[in-house]
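Chemist: got a sequence here, can you build the structure:
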Amino acid sequence: METTDNEWNVSAGGGDFIHVDEGLHNATVKEITSPVLEDDRYNPGKQKRKVTFVYEVDKQAPSGDLMTIRRKYTFSTNPKSNMRPDVESLIARKLTAEEEKSFDIRELVGRAWKVLVKHTPRDDGGVWSNVAQVLTADDAQPF
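Modeler: Next up is the predicted model:
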């Protein structure tokens, strides 16, 4: 069955991807993906649960939509996890002992914060846009 709906047509891309500019951006958490198991690149044969935060930043794409950038996290509130400091920045305080045991990250969707974007050169001459740091928004609301 053939479709004429271009939204479903996929291609390899044409190099027209527009990166979020380097620097500090006001942002909101637009989406948090469901946790998925992924191979642990540091421990072959083991897997870790991962989530991806999608941040909508204060820069418009040519389409008029706000641009987004993503950051993947190990799904953990352990003090050594990469997700915990960003969650604590978002809620503008340390996690409580109870929150450390059980924290529903879906409550973070829609919250305002700032993201620091850094560009990392790729071997092929392109760049990766990375969320280098998450900071508490100036007007952060109590959590």
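Chemist: for the chain, which helix is longest?
Modeler: helix 84-91 (DSSP state H).
Chemist: output it in PDB with nothing but the alpha carbons.
Modeler: Provided in PDB are the C-alpha atoms of helix 84-91 (Å, rounded to 0.1, in the frame of the first residue of the first chain):
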ATOM      1  CA  ARG A  84      21.300  13.300  40.100                       C
ATOM      2  CA  PRO A  85      23.200  16.700  39.900                       C
ATOM      3  CA  ASP A  86      20.900  17.800  37.000                       C
ATOM      4  CA  VAL A  87      17.800  16.800  38.900                       C
ATOM      5  CA  GLU A  88      19.000  18.700  41.900                       C
ATOM      6  CA  SER A  89      19.700  21.700  39.800                       C
ATOM      7  CA  LEU A  90      16.200  21.600  38.400                       C
ATOM      8  CA  ILE A  91      14.500  21.300  41.800                       C
END
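Chemist: how about it: buried residues?
Modeler: R84, D86, V87, E88, S89, L90, I91 (16 or more other CB atoms under 10 Å). To be clear about C-beta, it is placed using only N, CA and C from the backbone, and glycine gets the same treatment.
Chemist: check stretch 23-40 too.
Modeler: H25, N26, A27, T28, V29, K30, I32.
Chemist: and for stretch 48-62?
Modeler: K48, K50, V51, F53, V54, Y55, E56, V57, K59.
Chemist: who's in contact with it?
Modeler: 18, 20-21, 25-38, 40, 66-76, 83, 86, 105, 108, 115, 117, 131 (CB atoms under 8 Å, 6 or more residues apart in numbering).
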